[in-house]
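A.B. asks: here is the input, now give the coordinates:
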Amino acid sequence: MAQHIQRPTGAFIAASWVALLVGAATYLVGLWNAQMQLNEKGYYFTILMYGLFAAVSLQKSVRDRLQGIPVTAIYFSLCWISLLLSLGLLGVGLWNAKLEYSEKGFYAMAFVLSLFAAVAVQKNVRDVESMRSVRPSQDTRPGA
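C.D. replies: Numbering: from 1, shown residues only. Below is the predicted model:
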């Protein structure tokens, strides 16, 4: 399946990286300053790392399938389960946490922003890399 992929704009690439850095840094600074036990901080840190990995892995799997690269059903399902599990674990953790509602919302929003931005960054990295791998003889742009 021939699919035309446009290079993402510099502004979109920058916005994606800024969103990822702001989301993750905000979440982590909030965690660092939180008045909770170290094991609770470890729980929320692990959920962030797990969620970011799951989101990027799912985006890569979706893109692989669109480009005709084989992805097993079990791996694809595991990506979805992992992403939903990370969201569920965060939800359960925040529901049971002795935090103000504003703090719970803070963690939830920083987490979701980080996941969304990680997907956008991974997409941009893949698009830019695919542009680099196009040999000049394959490039159909005028003057290329």
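
A.B. asks: longest single helix anywhere in this protein?
C.D. replies: Determined from DSSP state H, the single longest helix within the chain is helix 101-133.

A.B. asks: contacts only, for residue 119.
C.D. replies: Shown in contact with residue 119 (Cβ atoms under 8 Å, 6 or more residues apart in numbering): 55-56, 58-59. In short, each C-beta sits where N, CA and C put it, glycine included.

A.B. asks: pick out the residue closest to the middle of this protein.
C.D. replies: When Cα atoms, centre = their mean is applied to the chain, the residue found nearest the centroid is residue 118 (2.7 Å).

A.B. asks: ok, it touching residue 55?
C.D. replies: Yes - between residue 118 and residue 55 a contact is recorded at 5.0 Å, counting by Cβ atoms under 8 Å.

A.B. asks: residue ranges in the chain under the pLDDT threshold?
C.D. replies: Applying pLDDT under 70 to the chain flags residues 1-4, 134-144.

A.B. asks: recalculate using a threshold of 90.
C.D. replies: Within the chain, the segments meeting pLDDT under 90 span 1-10, 66-67, 126-144.

A.B. asks: residue boundaries of the strands in it?
C.D. replies: Using DSSP state E, no strands are found in the chain.

A.B. asks: ok, residue 103 to residue 127 distance?
C.D. replies: Residue 103 is 36 Å from residue 127, where distance means Cβ to Cβ, to the nearest Å.

A.B. asks: revised request: answer the last question for residue 80.
C.D. replies: 23 Å.

A.B. asks: looking at those two, which is more packed in?
C.D. replies: Between residue 80 and residue 127, residue 127 has the larger neighbour count (other Cβ atoms under 10 Å), namely 17 against 14.

A.B. asks: show me what contacts that one?
C.D. replies: So residue 127 contacts 5-8 (Cβ under 8 Å, 6+ apart).

A.B. asks: neighbour-wise, which of these leads?
C.D. replies: residue 8 (19 neighbours).

A.B. asks: who are the contact partners of that one?
C.D. replies: Residue 8 neighbours (Cβ under 8 Å, 6+ apart): 123-124, 127-128.

A.B. asks: select only the buried ones of the residues you listed in ChimeraX?
C.D. replies: Here is the ChimeraX command that selects only those of the contacts of residue 8 that count as buried (16 or more other Cβ atoms under 10 Å):
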select :123,124,127
